[in-house]
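1. sharing a model prediction with you, sequence too.
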Amino acid sequence: MTLTIETLGGRGDGIAAHRLEDGTPVSVFVPGTMPGDRADVRLGAHRRFGVEGSLVRLVMPSPDRRRPPCAVFGMCGGCQLQFLDDTCYAAFLADRVRDTLQHQGISGVPVRAAAVSPPASRRRISLKAEGRDEGVRLGFNARGSHRLVDITACPVARDSLVALFPGLRDTLAVLLAGRGRAGIILTATDSGMDVLLDMDRAATLQDRDILTDWAGTNDIAALHWRDRGLMDPILIRRQPVMRFDGVPSALPPGGFLQATAEGERALRDAVLSAVEGSRRIVDLFAGIGTFSLPLARGRAVLAVEGDGAAVTALRGAAGAAASTHRLTVEHRDLFRRPLTADVLARFDAVVLDPPRAGAAAQVAELSAGTVPRVVSVSCNPATFARDARILIDSGYHLHWVQPVGQFLWSSHVELVGLFLR
C-alpha cells in the first residue's frame, strides 16, 4: 500500500496514519522514511503504539531528503537518520524532547534549538571484530541483529580514529586467528589514543608483543586487554587524560566521557548558565569532573560519584587544581544512599547527571527539599521527563530545556533542564 509519512517517532521511524480493513485507525511505523515521503509500505506485526511497516520503495521522496553520506547506510545499524537534512534533524531532536515531556503532561516549556555535533567529531567509537578464514570483519552490528557490517570508514568518527582501522584490522587478524570475536573501544583523549580490547581469553606473551608493536607504530597512549571483566594493562606510554577547565583528569579504561568535544561544550555551557549566581553547588554523579571542575572555579563545589576509579581520578584533579578550584570529592553510591533533603539544603544549586535509568531515589530527596535551583543533565528524555514530573509536582518550575545531539544522525538526544523553586 502507498502511505504518506507525516512525522517521526521517538526511535526515528517515519509514522503514517492508516485504517485497517475493519476501519480501526492505526499508526504505521516505517524505518527509513521521513515526513513528506510518499512510500509503498508492507505492513508487519502490531507493536505497542501501532503497526510495523517495511519500506518497499519511495514513490515520491520528501523535498527535504538528502543523499546519505555513509557507504554502508542501510546496512550498518547506526546513524539511521542520515537522509534528514541538517534543519530537519535538529528539529527532530527538539521535537523528541518536547513530545516526551508532553507524555508526562508537561507542556509550554521553552525547548531551545538543538546543539548538534558535526560530522567527524565523535572521539570514542565501540567496534566489533570477527575472525574469518579470509581475514577480519571490523565494524558495527546491523540494525536489530548480531550480523557484523564491515567498514573502512565512518563519517561521524574523528579522522584519528578512522586512521587506525587498517592496522587494527591486520593486528586483529593475527590475534583472532580466523576465529572468535572481539570488542574494541577507541578513545581519542587529550593525551593520545586509548584502546580497550574486549576478549574472551587471557592475553599471551605473543599477543602482548604484537600489540606493543602496533601501539608503538601508531603512538597509542594506553592499551588494555579486558578478559571477561578482568582488566590487563598491555601498555601505558602516557596516562589518558581529559582536560576540564584546563585541569587534566585521568580517564580510567572504558570510563565515561561525553561523545564529542562539541557536545560536551554545549552541555557545560548550559550548566554554567543555569547556575549563574550560585556560590555553593553539589554535582551529583560527577564522573571524572566534566562539570565539577568548570563549576569549581570561583565557587565551592562538592562532587559526588559512586565509581571508585572515577573518584580517584577526580580527587587527583582536584588536588592538582587546589589553588584555582574549590572542589571537594565524596565517594558515595547515590542509588542506595542519595543525599538527603537536609544535606541538600546547604547548597544553592544541585547539578544532577545520572545514567540512562535516571535517579529516582535522589529526585525524591530533591522534591522533599528546598534547594532553589536544580540543573538536570540527562541522556534519556524518558527518564528526564519522569523525574521532571516529580520535581514539578513538588513545586519546581521547569524554566527551559537545551537538547544536545552528540550522536549525529541517530535518535539519541541529551539534554539539560533548569528547575527553579
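-> Ah, there it is.
2. hmm, residue 242 is touching residue 310, no?
-> No. Residue 242 lies out of contact with residue 310 (CB atoms under 8 Å); the separation is 11.4 Å. (Glycine included, C-beta is placed from N, CA and C.)
3. joint contacts of those two?
-> residue 288 (CB atoms under 8 Å, 6 or more residues apart in numbering).
4. can I assume residue 212 sits in a helix?
-> Yes. Assigned with DSSP: H, G, I helix; E, B strand; the rest coil, residue 212 falls within a helix.
5. and the closest residue in space to it that isn't next to it in sequence, bridged to which residues?
-> In space, and not counting its chain neighbours, residue 212 is closest to residue 235: 5.5 Å by CB to CB, 6 or more residues apart in numbering. The partner list for residue 235 in beta bridges (DSSP bridges) reads residue 223.
6. was I right about residue 235 contacting residue 213?
-> No. Residue 235 lies out of contact with residue 213 (CB under 8 Å); the separation is 10.2 Å.
7. give me the more crowded residue out of these two.
-> residue 235 (17 against 11; other CB atoms under 10 Å).
8. quick one: the more buried one from residue 248, how far?
-> 20 Å (CB to CB, to the nearest Å).
9. any chance you could map the helices in the stretch 1-150 of the chain?
-> According to DSSP state H, counting those that start in this stretch, the stretch 1-150 of the chain carries its helices in the segments 86-103.
10. point out where it drops to low pLDDT.
-> Scanning the stretch 1-150 of the chain for pLDDT under 70 picks out no residues.
11. how about the strands in it?
-> Ranges of strands in the stretch 1-150 of the chain, per DSSP state E, counting those that start in this stretch, are 2-4, 7-8, 14-19, 25-30, 38-47, 50-60, 115-116, 124-132, 135-141, 148-150.
12. can you add mean neighbour count and give those strands back as TSV?
-> Output for those, formatted as TSV (neighbours: other CB atoms under 10 Å):
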stretch	mean neighbour count
strand 2-4	17
strand 7-8	20
strand 14-19	19
strand 25-30	18
strand 38-47	14
strand 50-60	15
strand 115-116	22
strand 124-132	19
strand 135-141	19
strand 148-150	19
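13. for the closest residue to residue 251 other than its chain neighbours, what are its contacts?
-> Spatially, and ignoring its direct neighbours in sequence, residue 251 is nearest to residue 240 (4.5 Å; CB to CB, 6+ apart). Contacts for residue 240 (CB under 8 Å, 6+ apart) come out as 187, 189, 191, 192, 194, 221, 222, 250, 251.
14. for residue 109, same thing?
-> Neighbours of residue 109 in contact, by CB under 8 Å, 6+ apart: 98, 101, 398, 399, 400, 401.
15. quick one: residue 365 from residue 404, how far?
-> 26 Å.
16. looking at those two, which is more packed in?
-> Between residue 365 and residue 404, counting by other CB under 10 Å, residue 404 is the more crowded of the two (28 against 19).
17. what angle sits between the helix or strand hosting the more buried one and helix 86-103?
-> Element membership of residue 404, judged by DSSP states H and E, is strand 397-405. Angle, strand 397-405 to helix 86-103, by axes from the mean of the first three to the mean of the last three CA atoms, to 10 degrees: 140 degrees.
18. tell me the strands beside the helix or strand just after strand 397-405, with direction?
-> Following strand 397-405 in sequence order, the next helix or strand is strand 414-420 (DSSP H and E). The strands beside strand 414-420 in its sheet (DSSP bridges) come out as strand 373-378 (antiparallel), strand 397-405 (antiparallel).
19. for strand 414-420, which positions count as buried?
-> 414, 415, 416, 417, 418, 419 (16 or more other CB atoms under 10 Å).
20. how about stretch 258-267?
-> Buried residues in stretch 258-267 (16+ other CB under 10 Å): 258, 259, 260, 261, 262, 263, 264, 266, 267.
21. repeat for stretch 246-260
-> In stretch 246-260, counting by 16+ other CB under 10 Å, buried: 247-255, 257-260.
22. just give me the neighbour total for residue 153.
-> Residue 153, neighbours per other CB under 10 Å, totals 11.
23. scratch that, residue 413 is what I was asking about
-> Residue 413 - counted by other CB under 10 Å - has 25 other residues nearby.
24. ok, now how distant is it from residue 331?
-> From residue 413 to residue 331 the distance is 31 Å (CB to CB).
25. do the same with residue 289
-> Relative to residue 331, and taking CB to CB, residue 289 is found at 14 Å.
26. neighbour count for those two, which is higher?
-> Neighbours were counted for residue 289 and for residue 331 using other CB under 10 Å; residue 289 has more, 33 against 14.
27. so the more buried one is in contact with residue 317, correct?
-> Yes. Using CB under 8 Å, residue 289 makes contact with residue 317 at a distance of 5.4 Å.
28. give the residues shared as contacts by these two.
-> By CB under 8 Å, 6+ apart, the residues touching both residue 289 and residue 317 are 244, 247, 249, 327.
29. off-centre distance for the host helix or strand of the third one?
-> Using DSSP H and E, residue 249 falls within strand 247-250. The chain centroid and the centroid of strand 247-250 are separated by 21 Å, computed with CA atoms, centre = their mean, to the nearest Å.
30. what do you get for stretch 182-199?
-> 16 Å.
31. next: stretch 334-353.
-> Distance, centroid of stretch 334-353 to centroid of chain: 24 Å (CA atoms, centre = their mean).
32. what is the mean pLDDT for it?
-> Mean pLDDT, computed over stretch 334-353, is 97.
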